[in-house]
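>>> sharing a model prediction with you, sequence too.
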Amino acid sequence: VSLDWVSDELAAIERSGLLRDPHTVASAAGPEVEVDGRRVVLLCSNNYLGLAGDPRVTAAAALAAKRWGAGSGASRLVSGTLDLHRDLEEALAEHEGAEDAVLFSSGYLANLGVLAALTDEDDVVFSDELNHASIVDGCRLSKARVLVYRHRDVAHLKSLLDETPARRRFIVTDTVFSMDGDVAPIDELAALDATLIVDDAHATGVLDGSRADRADVVVGTLSKALGSSGGYVTGSREVATFLRNRARTHVFDTAPVPAAMGAASMALQLMRDEPWRRDHVRKLARFLATELRGLGFDAREPAAAIVPVLVGDPGEAVALSKRLFDAGVLCPAIRPPSVPDGTSRLRVTVMATHTDEHIERALDAFAQRPRSTARRRTSVHGVFVTGTDTGVGKTVVTAAIAATYREDGARVAIFKPLQTGDADDAAWAGAVSGCHAETGVRLREPLAPAVAARLEDTKIDVDAIKARYTDLRRDFDVVVVEGAGGLLVDIDDRLTMADLAAMFELPLVVAARPALGTLNHTALTVEAARARGLDVLGIVISNYPDEPNIAERTNPEELAKIAPLLGVIGTLGAFDVEAGTRPDRFDVRIEGLR
Ligand SMILES: Cc1ncc(COP(=O)(O)O)c(C=O)c1O
C-alpha cells in the first residue's frame, strides 16, 4: 500500500506554516542550554524548580539505576512493583494530603488511564475547552459522552450540567492551563454536583497547597517541577486500588523506570525543603510578564511559571522565536493544533535557577537591544574553591584567585559560607588580596559543619547563605567562594559542600597539596565532583616548597593529567600580611573568568 499521501500531507502542513523542526539540545535542561554549539537562555522548559539537573537529583537517579536496574522488567502487576515505587507513591500521597497514589509512566498515560477507567457509556464528562491534549485523548478513549464547556466558564458549565442528567457526571480540568498559564476556578467547580478530576501538571511545586481537599482525583506528573519523568494519580484508597486493577495504561505498561523514580523521590524532598525555589520562580514570572508588557508585548499575567506571549499569526510567532534564538534565547513558537487557530504564541516559562542576568538577557532579546557592556558578564562569574582535604591551602588559593582578578581591575568578593573553629579564613584572604571578604555562618568547633552545628544544637540556614551569595553576585564582578573542608563534607543531613557549589552554580577549583598522596586525593575529588555534574575548572597546588623532593617535582605534571593545572603557589612561610609580602608565585588565571 502506497504511503505517497504522507508527502502530500507534509507539503500541506508546510504550506500552512505549521511544520515543526525542533532544535537539538546538547545539555541538561538548566537555565542555559547548549544548542548548535552556542549557550542560550532556556525560556521554555517545564523544569520550573530547576531540579532536573540538580546534582542531588541526578545522583539519586544514578543510584536508583545501580540498585534497581535500568528497567523495571515487568508491569506493576507482574514483578515490576519495586519498593521504590511504593515508597514514592506513599510520599506523593502524603505530600498531596491524599490516602493513596498510583504511578504511571507519564502524566499523559495517567490522564488516559484515569478517564478511561472511571467512566463508561452511561456517564458524561464535562471538559474545559483548553484542557491539555492528554485529557482530550483520555476523553476520546472513554466511552462516556463528552461535553466541552467554555474556558473557565462556570456559568456555562452549570447550564450544561443542568440540562444533562447521567448516571455519573465528571468535571475534568487542568489546574494551571498549560498554554495559557491561568488557573481553573477549583473552589467553584468543587461545589458543583459532579466528580471533580484535576490535572495538577503545571501547578505542582509552583502553586501553593494541594487540590486534594477539593478534587476527588488529582492527576500529576513527575516531569515538570519534579524534574524527572512519570505520572501519578492521588485519591482515596479505593480509587487507587480500583485504578491499579482497571487503568489499562497502568496495568499493561512496564512499571516506571527506577532512575526516574529515584530522581523524583529526591526532587519531592527538595521541593518541600527549599521553598525559595517556588517563591523565586513565581516572582520571576510576574516580573517578566510586567516587563514584557512594558515592551509592548501581549504577555498574560501568570498564575504560576507560564507567561504566554500572544502573537496570533503562526508565521509571526515563528519569526519572533527565530529573532529570540539569534539573540541567544530558546523559546519556540506554539502553533495550532497545540493552541486554537489565531492564537499562536510564545509560551515563555521561567525556572527557579534563572538568575537576574538570564532574565535581563531574555528581555534584551525581546526588545532586540544589544546588551549594554555595563551589564555584560562572562559565562564564569565566580569559582568555588574546594580541597582534597582540610588544611590543604584553600584559603591561600582563594586569596590568590581574588588578588589576580582584583589586580586586573575587577570588583572581587571573597565569601566563606561556613567557618568552623577559631580561624577567620575570609578575613585573612581579604587582607592578603585586598578584596571585600565576608563569612556566612560561624560554628564554634573546628569540625565538619554538620557535626559542629549538631554539637551547638543549631540548624544551618542554607537559604540565608544562598541569599547572601546572590547579593554578592549582583554587587561584584567576581565572587570567589571558599568551601569548608573537602568536597563531600556534610552541611546537614542531606547537603554536602558539593551541593552548595551546585546551588551557587559555580565551577570548582581544587586546592591540592604538593606532596605524596596528592594524586589519589585529587583524582577522587575530581571524580566525585564530575559524578555530581559539577564543572571542574582545574587544580591549584599550594605551599609548593622552594626545594621540592622527587614526589613534589613530578606531581604538577601528573596532576595536570587529572584536570588543568591553573597555578602553583609558593610556601606559606612567605606570607606576611602586615608587611604585604607574599610568595613569588601567586597568580591564578582561569580561562573565561570575567
Ligand atoms: C496539563 C498537562 N497534563 C499532562 C501532561 C503530560 O505529562 P507528561 O509529560 O508527564 O506525559 C502535560 C504535559 O506534558 C500537561 O501539560
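Okay, I see it.
>>> how distant is stretch 503-511 from the center of its chain?
18 Å (Cα atoms, centre = their mean, to the nearest Å).
>>> what's in contact with that stretch?
With contact meaning Cβ atoms under 8 Å, 6 or more residues apart in numbering, stretch 503-511 is reached by 31, 353, 355, 380, 382-388, 392-394, 396-397, 401, 462, 466, 469, 479, 481, 487, 501, 522, 525-526, 529, 534-540, 542, 563, 566, 588, 590. (C-beta placed from N, C-alpha, C; glycine too.)
>>> redo that, cut-off 7 Å
353, 380, 382-388, 392-394, 397, 401, 466, 469, 481, 501, 522, 525-526, 529, 534-540, 542, 563, 566 (Cβ atoms under 7 Å, 6 or more residues apart in numbering).
>>> tell me the contacts of the residue in the chain positioned nearest to the ligand?
Nearest residue of the chain to the ligand, counting by Cβ to the nearest ligand atom: G107, 2.4 Å away. Contacts for G107 (Cβ under 7 Å, 6+ apart) come out as 134, 201, 219-221, 223, 231.
>>> same question for I491.
By Cβ under 7 Å, 6+ apart, I491 lies in contact with 418, 449-450, 460, 462, 497, 500.
>>> rewinding a little: tell me, which of the contacts of stretch 503-511 make contact with the ligand?
Among those, no residue sits close to the ligand (Cβ under 6 Å from any ligand atom).
>>> quick one: which of these sit in helices?
Among the contacts of stretch 503-511, the members found in helices (DSSP state H) are 394, 397, 401, 466, 469, 501, 522, 525-526, 529.
>>> highest neighbour count among these?
The residue in the ones in helices among the contacts of stretch 503-511 with the most neighbours, by other Cβ atoms under 10 Å, is I401 (31 neighbours).
>>> per-residue pLDDT, that one?
The predicted structure scores I401 at 95 on the pLDDT scale.
>>> again with P446
Note for P446: predicted pLDDT of 93.
>>> what helix or strand is it located in?
When elements are assigned from DSSP states H and E, P446 belongs to no helix and no strand.
>>> need the contact list for it.
Neighbour list for P446: 420-421 [criterion: Cβ under 7 Å, 6+ apart].
>>> just D587 next, same as before
Contacts here follow Cβ under 7 Å, 6+ apart; on that basis D587 touches 404, 567.
>>> same check, this time on the one 3 residues further on
Residues counted as contacts of I590 (Cβ under 7 Å, 6+ apart) are 383, 537, 566.
>>> can you pick the most crowded of those residues?
Going by other Cβ under 10 Å, V383 tops those with 29 neighbours.
>>> dump the residue contacts of M351.
So M351 contacts 31, 45, 47-48, 50, 281 (Cβ under 7 Å, 6+ apart).
>>> part of a helix, is it?
No - applying DSSP: H, G, I helix; E, B strand; the rest coil, one finds M351 to be coil, outside a helix.
>>> name the residues of the stretch 201-350 of the chain found near the ligand, please.
201-202, 221, 223, 231.
>>> I'd like those as CSV, with pLDDT appended.
Putting these into CSV (pLDDT from 0 to 100) gives the following:
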residue, pLDDT
A201, 98
H202, 98
T221, 98
S223, 98
G231, 98
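>>> of all those, which comes closest to V35?
Ranked by distance to V35 (Cβ to Cβ), these are led by S223 at 20.6 Å.
>>> do you know how far that closest one is from E360?
29 Å (Cβ to Cβ, to the nearest Å).
>>> how about G486?
36 Å.
>>> can you check E301 too?
E301 is 21 Å from E360, where distance means Cβ to Cβ.
>>> those two: which is more packed in?
Comparing E301 with E360 by neighbour count (other Cβ under 10 Å), the higher total belongs to E360, at 17 against 13.
>>> next up, phi/psi of the more buried one, please.
Main-chain torsions, E360, degrees, to the nearest 10: phi -60, psi -40.
>>> just for the chain, where's the confidence low?
Low-confidence segments of the chain, defined by pLDDT under 70: 369-379.
>>> can we see that at 50?
The model of the chain has pLDDT under 50 over residues 370-378.
>>> tell me, how many residues neighbour the closest residue to A203 other than its chain neighbours?
Closest residue to A203 apart from its sequence neighbours, by Cβ to Cβ, 6 or more residues apart in numbering: T175 at 4.0 Å. Other residues near T175 come to 22 when the count uses other Cβ under 10 Å.
>>> contacting residues around T175?
183-184, 186, 198-200, 203, 207, 211.
>>> at 10 Å what do you get?
By Cβ atoms under 10 Å, 6 or more residues apart in numbering, the residues touching T175 are 183-184, 186, 198-204, 207, 211, 215, 218-220, 303-304.
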